[in-house]
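> Sequence and predicted structure, then a few things I'm wondering about:
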4 protein chains.
Amino acid sequence: MPPSTAPRSWKEKQRQEREALILQTAEEVFCEKGYHETSIDEIAARVGIAKGTVYLHFPSKEDLLVALFRRDTEQVISEVEAIASSPGCSAREKLEAILHLLYGELFKKRTRLFYSIYNSPEMRVLLEKKKEMGDHWGQLTHCLEELLAEGQAAGEFDPELPTSVMLSLFLNLVSVRGYERLVGQEGLAPAEVARYLARIYFKGIAAEHKPSC
Amino acid sequence: MPPSTAPRSWKEKQRQEREALILQTAEEVFCEKGYHETSIDEIAARVGIAKGTVYLHFPSKEDLLVALFRRDTEQVISEVEAIASSPGCSAREKLEAILHLLYGELFKKRTRLFYSIYNSPEMRVLLEKKKEMGDHWGQLTHCLEELLAEGQAAGEFDPELPTSVMLSLFLNLVSVRGYERLVGQEGLAPAEVARYLARIYFKGIAAEHKPSC
Amino acid sequence: MPPSTAPRSWKEKQRQEREALILQTAEEVFCEKGYHETSIDEIAARVGIAKGTVYLHFPSKEDLLVALFRRDTEQVISEVEAIASSPGCSAREKLEAILHLLYGELFKKRTRLFYSIYNSPEMRVLLEKKKEMGDHWGQLTHCLEELLAEGQAAGEFDPELPTSVMLSLFLNLVSVRGYERLVGQEGLAPAEVARYLARIYFKGIAAEHKPSC
Amino acid sequence: MPPSTAPRSWKEKQRQEREALILQTAEEVFCEKGYHETSIDEIAARVGIAKGTVYLHFPSKEDLLVALFRRDTEQVISEVEAIASSPGCSAREKLEAILHLLYGELFKKRTRLFYSIYNSPEMRVLLEKKKEMGDHWGQLTHCLEELLAEGQAAGEFDPELPTSVMLSLFLNLVSVRGYERLVGQEGLAPAEVARYLARIYFKGIAAEHKPSC
DNA sequence: TATGAATGAGAGTTCATTCAT
DNA sequence: CATGAATGAACTCTCATTCAT
């Protein structure tokens, strides 16, 4: 029980918890009202702290967005890579697991903003200013592209399809708009939607049946 | 030969042309820099008119966005409905034509913003404030949904799939992000991409082969 | 009477007058309360315009200060150079005229800030950031230094004194603090003070009397 | 051997040393960056203590400035008065000693700020708010004025010159701007500069030679 | 009708100051 | 005593909107 590290780690813990809370709240408000329509004042008010305290953790509003993007990206990437590197699974099984992960699990909590970011010129401009994203996003797409190529090589997926097209469509399986329509309005279960999407997608990219007969 | 309507219609024509030019320019800048990062001043400057003149056509910046959304939606809807109501085509053929329309034709000029709008909380909030979109968008999705249901009824598409899921995925076939990656970076032709996407999609939702043989 | 230049020049005139008024007011308030204690709001209020209007003329508060410095410096320099280049006068006569100019004329209106600027670390830091002053100030001191050297060469001033010391002291003859004490509190006339200062200064730097008798 | 005062005096000594260190550091930073551009945080960081500790010694940032002013003023006054009251010297000798004191000794360490203070509206406003300075400054000028009057009465200095003008110019002999130019840039020794300044000044205010022949 | 100078509400950001630890 | 996280008033600057010309 080191008395010198205990207080430091306690303070540090406090600090990180508050930081996470600010991020969480910011994501919520950004999603509800959009980045520009949200004032730092409102985020602070919802967290229950003063405006200045937000600046103790994030040097600017833009950095708050960047931190959010990073947080979500890292979370997603680590989970996706864990799945991608799990042994004894076919490419299809891995991709299906990733789809379920993205669709089911993450949507409940965070990452809604994450998906909106690249779709909106608004956000893209901001993040490009900060030179974030490129690498993170590239990491993720690279990982998925390899799985798809792997599946094609293994004869699971149609080898005539450009991998990039398959990738692009895979990324578009998961969308906030679709989620809200299907899960929010129609009342379907996330897992169910993911299953249907997987069914369509993998059937669509499947290799032709060997004319064995 | 009504002498009073002739000048009026000429004036009116001038007016509409200028309005269209403002809209076109606004769409360009909004796409480049995002709605909030764009000032009315910049739009006016690019058009070559004064700031005040923009307000002669559109009562507010938000209304400019709404008009843009309406313009694109109406254009898309009318073309889509034309295709949908063309006789002698199967549902699949119609949907494929629509996909090509959306992907190939429109992307060259406008509608980039159109796709970004619903994906971004930023924009959605603005348009909801103005109570636009609901109807227009609903009209479009309704039209597509009917085609899909029609195809299921005709035995073209898998009847076990919820139409709403098919619709959602169809809408996600077309994305700005995908377009930029595939056409902009990879150098694929829009029509080629659309063909691949159609191939995957329709194979994915196809009804099972009747074991007729 | 060109109708095309008239409106432009009228607008331009309006603009310049307003700009001058803002500068004048800013100088007053800066002198009264100091640069940092003065808010743009207060300047605008005193001029009787809105805050934004100030920014139509000066891109930032710092630029307002720079413009002020430039305005005063240019005015002083041009007048000083006019005196310095007037023919048929001895160096002493010219310097005396300059002293009277600085002391008497300018103090009534502007340039109070001007003298404070280099004396205060506060201001110096700001202006150095904007890379202004160096040249202007150098121009002025160079002009004076030449006059002093000229006087030494002509046998008017003591050649043993370093010109730079003479220059430094000449510049210090004129000070806001001294002005306020002598003119403001003691009630002396500016011209009278200048005469006394000149008497002391020129006697102090005079060349030794040739023991001609 | 009072056991209660010993620790108190030790504590007190500690306290005063720290206070002096804060003052010294504050003067340095104020001189470098200006009062308003300096944050309490920076002062504390340079001293190596926490921000709050500064407030244990000085109730506000303004009070820090006031304390600085008072410290320098008192130091100067006591030394000046010591010189002024030294017996067996002429007024000129005393004033010359004072000039050397001000110019040579003090400039090496502190008092740079001290001279800037009255020259800048920025600072003057602050100190006037706190109603400091008047007395201290008055004490100093009064002392000098008496010496000058004494010199005039003794026939050393020109009796026709208003004492206040002589005083004002004497105060202006010493300036930060001049010091930096002559000592900092030109490389002259402080004592040398002071000698030249004294030579000019006292020659300038000297009483006319009695036409004894 | 077109203009663009003027407006002023509102946002992001800073930092002197406080106080629980 | 010392600390430094938290505070929030105040400031600079932006830009959608208006309106006299």
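Nice, thanks for sending it over.
> domain assignment for chain A?
Domain assignment of chain A by the TED database yields the ranges A:10-59, A:61-205.
> Using JSON lines, please lay out those domains together with mean pLDDT and mean neighbour count.
Using the backbone N, CA and C atoms, a C-beta is placed for each residue, glycine as well. Below are the domains of chain A laid out as JSON lines (pLDDT from 0 to 100; neighbours: other Cβ atoms under 10 Å in any protein chain shown):
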{"stretch": "domain A:10-59", "mean pLDDT": "94", "mean neighbour count": "16"}
{"stretch": "domain A:61-205", "mean pLDDT": "89", "mean neighbour count": "18"}
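> Quick one, which of those domains gets closest to residue D:176.
domain A:10-59 (35.6 Å; Cβ to Cβ).
> now do the same end-to-end measure for the closest one.
23 Å (Cα to Cα, to the nearest Å).
> Nearest residue to the residue in chain A positioned nearest to chain B in space, please, no chain neighbours.
Across chain A, the shortest distance to chain B (Cβ to the nearest Cβ) belongs to residue A:204, at 2.9 Å. Closest residue to residue A:204 apart from its sequence neighbours, by Cβ to Cβ, 6 or more residues apart in numbering or on different chains: residue B:204 at 2.9 Å.
> Three-state assignment for the nearest residue to residue A:200 once chain neighbours are set aside, please.
The shortest distance from residue A:200 to any non-neighbouring residue, by Cβ to Cβ, 6+ apart, is to residue B:204 (3.7 Å). Under DSSP: H, G, I helix; E, B strand; the rest coil, residue B:204 falls in the helix class.
> So residue B:204 sits against residue A:198, correct?
No. Counting by Cβ atoms under 8 Å, residue B:204 does not reach residue A:198; the two are 9.9 Å apart.
> can you give me the helices for chain A?
A:5-33, A:40-47, A:51-57, A:61-84, A:91-100, A:107-109, A:112-119, A:121-129, A:134-153, A:163-173, A:176-179, A:190-205 (DSSP state H).
> and the end-to-end length of stretch A:79-92?
17 Å.
> Quick check: residues of chain A near DNA strand F?
Residues of chain A found near DNA strand F (Cβ under 7 Å from any atom of the strand) are A:11, A:14, A:15, A:18, A:49, A:50, A:51, A:52, A:53, A:55, A:56.
> quick one: contacts for the closest residue to residue A:79 other than its chain neighbours?
Nearest non-adjacent residue to residue A:79, counting by Cβ to Cβ, 6+ apart: residue A:101, 5.9 Å away. Neighbour list for residue A:101: A:79, A:80, A:83 [criterion: Cβ atoms under 8 Å, 6 or more residues apart in numbering or on different chains].
> Disregarding flanking residues, what is the spatial nearest neighbour of the last one?
By that I understand residue A:83. In space, residue A:83 is closest to residue A:97, 4.9 Å off (Cβ to Cβ, 6+ apart).
> so how far is residue A:144 from the one you found?
12 Å (Cβ to Cβ, to the nearest Å).
> starting at the chain centroid, how far to stretch A:183-200?
18 Å (Cα atoms, centre = their mean, to the nearest Å).
> Ok, stretch A:191-210 next?
Remark: stretch A:191-210 is offset 21 Å from the chain centroid, using Cα atoms, centre = their mean.
> Extract the C-alpha set from that stretch and format it as PDB.
Extracted C-alpha coordinates of stretch A:191-210, given in PDB (Å, rounded to 0.1, in the frame of the first residue of the first chain):
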ATOM      1  CA  ALA A 191     -29.400  -8.300 -33.400                       C
ATOM      2  CA  GLU A 192     -32.200  -9.100 -35.700                       C
ATOM      3  CA  VAL A 193     -31.500  -6.300 -38.000                       C
ATOM      4  CA  ALA A 194     -27.800  -7.300 -38.100                       C
ATOM      5  CA  ARG A 195     -28.800 -10.800 -38.900                       C
ATOM      6  CA  TYR A 196     -30.900  -9.700 -41.900                       C
ATOM      7  CA  LEU A 197     -28.200  -7.300 -43.100                       C
ATOM      8  CA  ALA A 198     -25.600 -10.100 -42.800                       C
ATOM      9  CA  ARG A 199     -27.800 -12.500 -44.700                       C
ATOM     10  CA  ILE A 200     -28.300 -10.100 -47.500                       C
ATOM     11  CA  TYR A 201     -24.700  -8.900 -47.600                       C
ATOM     12  CA  PHE A 202     -23.000 -12.300 -47.500                       C
ATOM     13  CA  LYS A 203     -25.400 -13.900 -49.900                       C
ATOM     14  CA  GLY A 204     -24.800 -10.900 -52.200                       C
ATOM     15  CA  ILE A 205     -21.000 -11.300 -52.100                       C
ATOM     16  CA  ALA A 206     -20.900 -15.100 -51.900                       C
ATOM     17  CA  ALA A 207     -18.900 -17.000 -54.500                       C
ATOM     18  CA  GLU A 208     -20.900 -18.700 -57.200                       C
ATOM     19  CA  HIS A 209     -21.900 -22.200 -56.400                       C
ATOM     20  CA  LYS A 210     -19.600 -24.700 -57.800                       C
END
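> residues making contact with it?
A:92, A:95-96, A:99-100, A:103-104, A:152, A:155-159, A:161, A:166, A:169-170, A:173, A:178-179, A:182-183, B:161-162, B:165-166, B:169, B:199-206.
> thinking again about what came up before, for residue B:35, find the nearest of the domains of chain A.
domain A:61-205 (6.0 Å).
> start to end distance for the closest one?
Domain A:61-205: ends 42 Å apart by Cα to Cα.
> what about that domain, near DNA strand E?
Yes. Under the criterion of Cβ under 7 Å from any atom of the strand, domain A:61-205 makes contact with DNA strand E via A:61, A:62.
> Distance from that domain to the middle of the chain?
Distance of domain A:61-205 from the chain centroid (Cα atoms, centre = their mean) equals 7 Å.
> Please apply the same query to stretch A:18-35.
Distance, centroid of stretch A:18-35 to centroid of chain: 15 Å (Cα atoms, centre = their mean).
> Just the residues contacting it, thanks.
A:38, A:42-43, A:46-47, A:49, A:53-54, A:57-58, A:64-65, A:67-68, A:71, A:110, A:112-113, A:116, A:122-123, A:126, B:36, B:120-126.
> can you check stretch A:38-57 too?
So stretch A:38-57 is contacted by A:15, A:18-19, A:21-22, A:25-26, A:28-30, A:33, A:61, A:64 (Cβ under 8 Å, 6+ apart).
> Just list the residues touching residue A:58, thanks.
Here residue A:58 is in contact with A:22, A:64, A:67 (criterion: Cβ under 8 Å, 6+ apart).
> and if we set it to 10 Å?
A:19, A:22, A:23, A:26, A:40, A:43, A:64, A:65, A:66, A:67, A:68 (Cβ atoms under 10 Å, 6 or more residues apart in numbering or on different chains).
> again with residue A:188
Taking Cβ under 10 Å, 6+ apart as the test, what residue A:188 contacts is A:179, A:181, A:182, A:194, A:195, A:196, B:162, B:164, B:165.
> quick one on the thing from earlier: check the residues of chain A next to DNA strand F and tell me the two furthest apart.
Going by Cβ to Cβ, the pair spanning the residues of chain A next to DNA strand F furthest: A:11 and A:51, at 22.0 Å.
> Tell me the spacing between the residue nearest to residue A:200 and residue B:151.
13 Å.
> So for the two, which residues contact both of them?
Shared contacts of residue B:204 and residue B:151 (Cβ under 10 Å, 6+ apart): B:157, B:158, B:166.
> Skipping adjacent residues, who's closest to the last one in space?
What sits nearest to residue B:166 in space, not counting adjacent residues and going by Cβ to Cβ, 6+ apart, is residue B:148, at 5.0 Å.
> wait, doesn't the one you found sit right on residue B:170?
Yes. Between residue B:148 and residue B:170 there is a contact at 7.2 Å, judged by Cβ atoms under 10 Å.
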